[in-house]
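# Need coordinates for the below:
(one chain, ligands or ions: 1)
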Amino acid sequence: MIDSEALESERVKLKRDIADLRANLNRKEQCLRELEAAIAAGEDSDEAEESSNDMPTPQTKLTNDDIARYSRQLILQDFGVQGQLKLKNSSVLIVGMGGLGCPAAQYLVAAGCGHLGLIDYDEVERSNLHRQILHSEHRCGMSKAESARIALLELNSHCQIRCHSRLINSMNAMHIIRPYDVVLDCSDNVATRYLLNDACVMLRKPLVSGSALKMDGQLTVYGYGQGPCYRCIYPVPPPPEAVTNCGDGGVLGAVTGIIGAMQALEAIKVIIGLGDVMSGRLLIFDGSSFMFRNIRIRTKRPNCHVCSAQPLITELIDYEMFCGMHATDKDNPLDLLEPDQRLEVKEYHQKLQSQPHLLLDVRPPAEFEICQLPRSINVPLSEILDDSYLKRFAKQLEDKELPIVLLCRRGNDSQIAVQHIKNRFPAHSIRDLVGGLHAWTGSVDATFPIY
Ligand SMILES: Nc1ncnc2c1ncn2[C@@H]1O[C@H](COP(=O)(O)OP(=O)(O)OP(=O)(O)O)[C@@H](O)[C@H]1O
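Take a look at the predicted model:
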C-alpha cells in the first residue's frame, strides 16, 4: 500500500533541496561574475605579485574628479592638495581582511589611497559577516582578499588593489611587504604579529597595529620615528594558553569597526605627516564603559632583539615555534611604561616602605580582602578611572612631596591607574610596583600569599 503522507513529505523535501541548490548556484554565478569583473578592472593577483617591486609613476596633479570627490577633506587646513597627492601616491598593505582589515581598507580606499595590498589566506564564512563588513552573503566561500577587492572597487574604482590570497609567512613576507609604504596589522594571532613586526623593522616600514576582542580594542603604531617596535614592548610571546581569539572569546562588530577605522586614520597621518601619530602610546578602548585610555608605552628597548643597534635577529625566524615559548618573570611583557615611571618591589621595600608615603592597592575589594600589604589602602581601579578617588585623596594629591605608590596583583592595572592619575597631576611623583604582589612574594616576602 502506498504511504501518501510519506511520499508528500519526500516531495516537499526534494523541492526544498532543489530550491537550496538553485540559490547556491545563483550565488556562485554572481560570485564568478563579480570576480571576473574585478579581474578585468584590476590586475590578476599572482601576476601582480611577480611584478610587485615595480613602483608606479608618482602623480603630481589632482584630476577634476579627484577635486570633486575629495573636496571635504581637501579643504582641511593640514590636509589640502599636497596631502591628497601624498595619499594618491601612497601604497598600504593590509594583513588580514577580517574584522579590522575590512573597515580599515574601506576608509583608506574612500579617502583616496592610491595603492592597496590585501592579504588573507582565508575564505568568507557566514560567521564573519557581522563584523567583516566588506564581505556579503553571496560571497561566502570566496577568498576574503578577492571579496574585499570587489567591494572596495565599487567604492572607489581609482584605487589600484592587489590581492595576495595566501598566508604571509617568513618565506614570503619580505618580498610582499617591500613595495609598500605602510603596513596595517589586522591579523588575529601572535605569530603573525611578531612576523610583521620583524619584517617591518628590517624593511623600515611603519606598522599600524590593531586588535579587538569582546568589547575591547587596542591600537598603536610601531617602528615610527624613534618609537618602539612590538618586540620592545613584548620581548617574548605570552603563553599560548593565555591567548584568546574572537572565535573563543567573541567580539562585537562595532568594536572592530572603531579600531579598524582608527588604524586607517593612523595610516593616513603617517603617510601625510599629519598630527601626532600614535607611536610610543597605546590606545585602550573599553566599549562597555566607552572609555578611551591613552597610555604612554616605553621607548625603544636598548637591547631589543630586532630594532636595537646590535640586533640578534637579522632575518625572519620560525614564528610558530617562537610563539610556543613562554614569557618569563625576568622579561615581563607587561612592562609597558618608561622605566623611570615604575618601582621595583625590592627598591620599594628597601628605600620607601619605612618612609612617609601613600600606598594604594588598586585591586577590586574582593581581592584586597584575600591579602594586602601593611598600611595599604584599597582604591579599586574603577574608582580611579571615574575620579571618585579624588574626593578621598585630594589633600595628599596636592602635596607633591608625599610619594604615592600604586600596586595591584601583577602590575598591570596599577600602570593604567598611574597613567590616569598622572594625566590629572602631572607634577606628582607617583609610581607603581613592577610585577605587583606576585613580584612581592617572589622577591621580598616568600610567605606572602599568591592567588
Ligand atoms: N599570517 C596571515 N596571513 C594572512 N592572513 C592572516 C594571517 N593571520 C591572520 N590572517 C587573517 O586575518 C584575519 C583576522 O580576522 P578576524 O580577527 O576577524 O578573524 P577570523 O579568522 O575571520 O575569525 P573567526 O575565528 O571568527 O573565523 C582573518 O581573516 C585571517 O585569515
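# Would you mind naming what in this protein lies close to the ligand?
The chain has residues 95-99, 119-122, 127-128, 132, 144, 167-168, 187-189, 192, 245-247 near the ligand, with proximity defined as CB under 6 Å from any ligand atom. Using the backbone N, CA and C atoms, a C-beta is placed for each residue, glycine as well.
# Just the ones of these in strands?
Val95, Ile119 (DSSP state E).
# which among the residues of the chain next to the ligand end up buried?
Neighbour counting by 16 or more other CB atoms under 10 Å classes 95-99, 119-120, 128, 132, 144, 168, 187-188, 192, 246 among the residues of the chain next to the ligand as buried.
# Excluding chain neighbours, give the residue nearest to Ile450 in space.
Of all residues not flanking Ile450 in the chain, Thr441 sits nearest, at 5.1 Å (CB to CB, 6 or more residues apart in numbering).
# Where does the one you found sit, in terms of helix or strand?
Using DSSP states H and E, Thr441 sits within helix 436-443.
# For that helix, give me every contacting residue.
With CB atoms under 8 Å, 6 or more residues apart in numbering as the test, helix 436-443 has contacts from 329, 344-346, 371, 373, 407-412, 414, 433, 435, 448-450.
# Out of the buried ones among the residues of the chain next to the ligand, the closest to Gln310 would be?
Thr192 (26.1 Å; CB to CB).
# per-residue confidence at Glu34?
Glu34 is assigned 65 on the pLDDT scale.
# Use 55 as the first number from now on
OK, 55 is where the count begins now, so the last one is Glu88.
# Now, the buried ones among the residues of the chain next to the ligand that are in helices?
Cross-referencing these against helices under DSSP state H gives Lys198, Thr246, Cys300.
# ok, back up a step: tally of neighbours for the residue nearest to Ile504?
Residues near Thr495, counting by other CB atoms under 10 Å, number 17.
# out of the buried ones among the residues of the chain next to the ligand, who's nearest the ligand?
Closest approach to the ligand among those (CB to the nearest ligand atom): Gly152, at 1.9 Å.
# Tell me the first helix or strand C-terminal of the worst-scoring helix or strand of the chain on mean pLDDT.
Taking mean pLDDT, DSSP states H and E as the measure, the helix or strand of the chain with the lowest value is helix 99-104, at a mean of 45. Where DSSP H and E defines the elements, the next helix or strand beyond helix 99-104 is helix 118-123.
# Off-centre distance for that next one?
The chain centre lies 33 Å from the centre of helix 118-123; the measure is CA atoms, centre = their mean, to the nearest Å.
# circling back to that earlier point, check which residues of the helix holding Thr495 are buried.
Buried residues in helix 490-497 (16+ other CB under 10 Å): Gly490, Leu491, His492, Ala493, Trp494, Thr495.
# Can you add pLDDT and give those back as JSON lines?
Putting the buried residues of helix 490-497 into JSON lines (pLDDT from 0 to 100) gives the following:
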{"residue": "Gly490", "pLDDT": "94"}
{"residue": "Leu491", "pLDDT": "95"}
{"residue": "His492", "pLDDT": "93"}
{"residue": "Ala493", "pLDDT": "94"}
{"residue": "Trp494", "pLDDT": "95"}
{"residue": "Thr495", "pLDDT": "94"}
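# Partner strands of the strand or helix carrying Ile338, with direction?
Using DSSP H and E, Ile338 maps to strand 335-340. Paired strands of strand 335-340, with direction, are strand 270-276 (antiparallel), strand 345-350 (antiparallel) (DSSP bridges).
# hmm, who's touching the longest one?
When you say that, I think you mean strand 270-276. Contacts for strand 270-276 (CB under 8 Å, 6+ apart): 251, 254, 260-266, 281-284, 309-310, 312-313, 316-317, 320, 324, 331-333, 335-341, 351.
# again with stretch 434-444
By CB under 8 Å, 6+ apart, the list of residues contacting stretch 434-444 reads 345, 347, 414, 416-419, 433, 451, 462, 467, 470-471, 474-475, 478.
# Could you pull out the buried residues of it?
Pro434, Leu435, Glu437, Ile438, Leu439, Tyr443.
# from those residues, which single one is nearest Asp372?
Within those, proximity to Asp372 (CB to CB) peaks at Leu435, which comes in at 38.4 Å.
# per-residue confidence at the closest one?
Here, the pLDDT recorded for Leu435 equals 91.
# Please report how far it lies from Ser497.
According to CB to CB, to the nearest Å, Leu435 and Ser497 sit 23 Å apart.
# Gly166 reaches Gln138, doesn't it?
Yes - contact criterion CB atoms under 8 Å: Gly166 and Gln138 qualify, at 6.1 Å.
# And the helices in the stretch 305-454 of the chain?
Per DSSP state H, counting those that start in this stretch, the stretch 305-454 of the chain carries helices over the ranges 307-326, 373-376, 399-401, 419-424, 435-439, 443-452.
# Distance to Asp74 for the ones you listed - can I get that in a markdown table?
Listed next are the helices of the stretch 305-454 of the chain as a markdown table, based on distance: least, CB to CB, whole Å:
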| stretch | distance to Asp74 |
| --- | --- |
| helix 307-326 | 27 |
| helix 373-376 | 39 |
| helix 399-401 | 64 |
| helix 419-424 | 52 |
| helix 435-439 | 51 |
| helix 443-452 | 60 |
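# Identify, out of these, the most deeply packed stretch.
Greatest average neighbour count among those goes to helix 307-326 (a mean of 22), per mean count of other CB atoms under 10 Å.
# In terms of secondary structure, what does that helix contact?
helix 134-142, helix 155-165, strand 236-239, strand 261-267, strand 270-276, strand 335-340 (3 or more CB pairs under 8 Å, 6 or more residues apart in numbering; DSSP states H and E).
# I'd like these written out as JSON lines, with distance to Ser125 added.
Putting these into JSON lines (distance: least, CB to CB, whole Å) gives the following:
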{"stretch": "helix 134-142", "distance to Ser125": "10"}
{"stretch": "helix 155-165", "distance to Ser125": "13"}
{"stretch": "strand 236-239", "distance to Ser125": "25"}
{"stretch": "strand 261-267", "distance to Ser125": "26"}
{"stretch": "strand 270-276", "distance to Ser125": "28"}
{"stretch": "strand 335-340", "distance to Ser125": "30"}
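# Reformat the ones you listed into TSV and put mean neighbour count and mean pLDDT next to each item.
Output for the helices and strands packed on helix 307-326, formatted as TSV (neighbours: other CB atoms under 10 Å; pLDDT from 0 to 100):
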stretch	mean neighbour count	mean pLDDT
helix 134-142	18	96
helix 155-165	25	98
strand 236-239	27	98
strand 261-267	26	96
strand 270-276	23	96
strand 335-340	17	95
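# any residues touching stretch 451-463, and which ones?
397, 402, 406, 409-417, 421, 427, 430, 435, 444, 450, 468, 471-472, 475, 478-479, 481-487, 490-492, 494, 505.
# Show the buried residues in those residues.
For the contacts of stretch 451-463, a burial check counting by 16+ other CB under 10 Å picks out 397, 402, 411-417, 421, 427, 430, 435, 468, 471-472, 475, 482, 484-487, 490-492, 494.
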